[in-house]
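Peer 1: Sequence and predicted structure below; questions after.
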Amino acid sequence: MLRTASSKINVEVTVNGIPSVCKGDCSYNYITDSPVLTHASRNVAELTLSITDPAAIGYNLSHVTVSLYDEECTILNLSDPINNFTCRLPQNSDNTPRIPSGSYRV
């Protein structure tokens, strides 16, 4: 791919591993203060999480996707604050979460 000099960081976007093509206005804003996971706890198949909301960005839970070991965790209440919310992992027939045992990064 060809590259040109830019005052902004170059970004490559892929969709399902395939490079995307930008049509029209391809400008973007780079977020230097990205959201950070500050708390995570699990009770059976429910995760309680806290994420920082960088000033002036206005993230809410509709902007958030949570997955653990490739299993999507369904946010239980989209109106909860981003700094303290709960999601539910998919469950096996015995109500245990559908993830292999071990330690994982959320």
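Peer 2: That came through fine.
Peer 1: ok, so what distance separates the nearest residue to Thr74 once chain neighbours are set aside from Leu47?
Peer 2: Leaving aside its sequence neighbours, Thr74 sits nearest to Arg88 (CB to CB, 6 or more residues apart in numbering; 5.1 Å). C-beta: built from backbone N, CA, C; applies to glycine. Distance, Arg88 to Leu47, by CB to CB, to the nearest Å: 8 Å.
Peer 1: Could you tell me which residues touch both of the two?
Peer 2: Cys73 (CB atoms under 8 Å, 6 or more residues apart in numbering).
Peer 1: Could you check which of those two is surrounded by more residues?
Peer 2: In terms of neighbours (other CB atoms under 10 Å), Leu47 is the more surrounded of Arg88 and Leu47; the figures are 21 against 16.
Peer 1: Any buried residues in the helix or strand hosting Cys73, and which?
Peer 2: Using DSSP states H and E, the element containing Cys73 is strand 71-75. For strand 71-75, the neighbour count (16 or more other CB atoms under 10 Å) marks Glu71, Cys73, Ile75 as buried.
Peer 1: and the last one, what are its bridge partners?
Peer 2: Yep, that's Ile75 we're talking about. Under DSSP bridges, the beta-bridge partners of Ile75 are Cys87.
Peer 1: Flag the shaky bits of the protein, pLDDT-wise.
Peer 2: 1-4, 6, 8-10, 30-31, 54-58, 105-106 (pLDDT under 70).
Peer 1: Quick one: end-to-end length of stretch 81-100, please.
Peer 2: Stretch 81-100 has an end-to-end distance of 29 Å (CA to CA, to the nearest Å).
Peer 1: How far off centre is that stretch?
Peer 2: The chain centroid and the centroid of stretch 81-100 are separated by 15 Å under CA atoms, centre = their mean, to the nearest Å.
Peer 1: Good, wrapping up.
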